[in-house]
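S.K.: the following block contains a protein sequence and its predicted model.
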Amino acid sequence: MHCKIPSPLDWLVLFLAALAFILHTVGIIFPMWWTVHEEDVLGIELTFHYGIWAIVDCKEDNCTTTSSIMHGDRAWLIGPAVLVVLADVLLLVVMVTTLVYLFQNQHVVLLRRLCVVFSAGGSCTIIMALLIFYKKKAGLRPSDAPETSDGDPDWSFLLSTFGAVVAVFQSVACGLSVKRLHKPHNTGKHKTTIFGIETEDMEVDINALRRGELSFGKNVNNMPNGVSPALQ
């Protein structure tokens, strides 16, 4: 395999891909998507942390972790759970694909385009999961106090949000790298048109046209049906 030296833009794309994956992965591991603070009848502070996979109930410094049971009133959690896992897989694919195309010259444009699609898809998937969770947050504990709709988004929720934003920037940066590969290389000796064709190749000998001749020295009027061999 022939290796090449990555450009600064390539390194930026790789950094953003890794950052988006790490932010989202850490965000979905910890049960700190939504936090509710309450006080009991004795004035003791109660804190409840809700995540995709677990619920943490804290009474002062004593905390108990229970699983987020995804059935019955909490069956809606299956949707965000599937979406965040799918997004994590997509971001992992983006990071691995970026590593592959940085150090080899085969199928580079195709791999970069796949990175653009997967990164944008991962970002959209995260946003969908966040919106569902935020809209349904009142049903995190529908049969128990406290009222979860009165809480606030916590740090792991924000990490996944930042992961989605970084994935958008990664998709844009990867798209710019694809555009850079398609940019025509101009040596400076000849001007090019917007289609990447050198203007020298488009020059026409006006006097030859007036004599009915083409650049290869044949008389157009002598050709059958007035068509040159090069155009048949």
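M.R.: Alright, I've got the coordinates. Numbers count the residues shown, from 1 in each chain.
S.K.: please identify the helix or strand for Phe133.
M.R.: Following DSSP states H and E, the helix or strand that holds Phe133 is helix 108-136.
S.K.: what comes up buried for that helix?
M.R.: 108, 111-112, 114-116, 118-130, 133, 136 (16 or more other Cβ atoms under 10 Å). Where you see a C-beta, it was placed from the backbone N, CA and C, and this is true even at glycine.
S.K.: same question, stretch 8-24
M.R.: Going by neighbour count (16+ other Cβ under 10 Å), the buried part of stretch 8-24 is 10, 12-14, 16-21, 23-24.
S.K.: stretch 41-53 now?
M.R.: So, applying 16+ other Cβ under 10 Å, buried residues of stretch 41-53: 47-53.
S.K.: those residues in strands, which ones?
M.R.: Among these, DSSP state E puts 47-50 in strands.
S.K.: any chance of these in a markdown table with distance to Leu159 and pLDDT as columns?
M.R.: Listed next are those as a markdown table, based on distance: Cβ to Cβ, whole Å; pLDDT from 0 to 100:
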| residue | distance to Leu159 | pLDDT |
| --- | --- | --- |
| Thr47 | 19 | 87 |
| Phe48 | 19 | 87 |
| His49 | 14 | 88 |
| Tyr50 | 15 | 88 |
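S.K.: how about the strands in this structure?
M.R.: So, for the chain - with DSSP E - the strands run 34-39, 45-50, 54-59, 62-67, 152-153.
S.K.: out of these, deepest packed?
M.R.: Among those, strand 45-50 has the highest mean neighbour count (mean count of other Cβ atoms under 10 Å), at a mean of 18.
S.K.: and that strand, what other elements does it pack with?
M.R.: strand 34-39, strand 54-59 (3 or more Cβ pairs under 8 Å, 6 or more residues apart in numbering; DSSP states H and E).
S.K.: can you list the domains in the protein?
M.R.: Taking automatic domain parsing as the reference, the chain has its domains at 8-182, 199-231.
S.K.: lowest-confidence stretch among those?
M.R.: Ranked by mean pLDDT, the domains of the chain bottom out at domain 199-231, with a mean of 51.
S.K.: returning to what we had before: just the angle between the helix holding Phe133 and strand 45-50, please?
M.R.: 140 degrees (axes from the mean of the first three to the mean of the last three Cα atoms, to 10 degrees).
S.K.: can you map out the helices along this protein?
M.R.: Assigned helices in the chain, in chain order: 8-29, 78-102, 108-136, 155-182, 206-210 (criterion: DSSP state H).
S.K.: of the ones you listed, which is nearest His37?
M.R.: His37 lies closest, by Cβ to Cβ, to one member of the helices of the chain: helix 155-182, at 14.8 Å.
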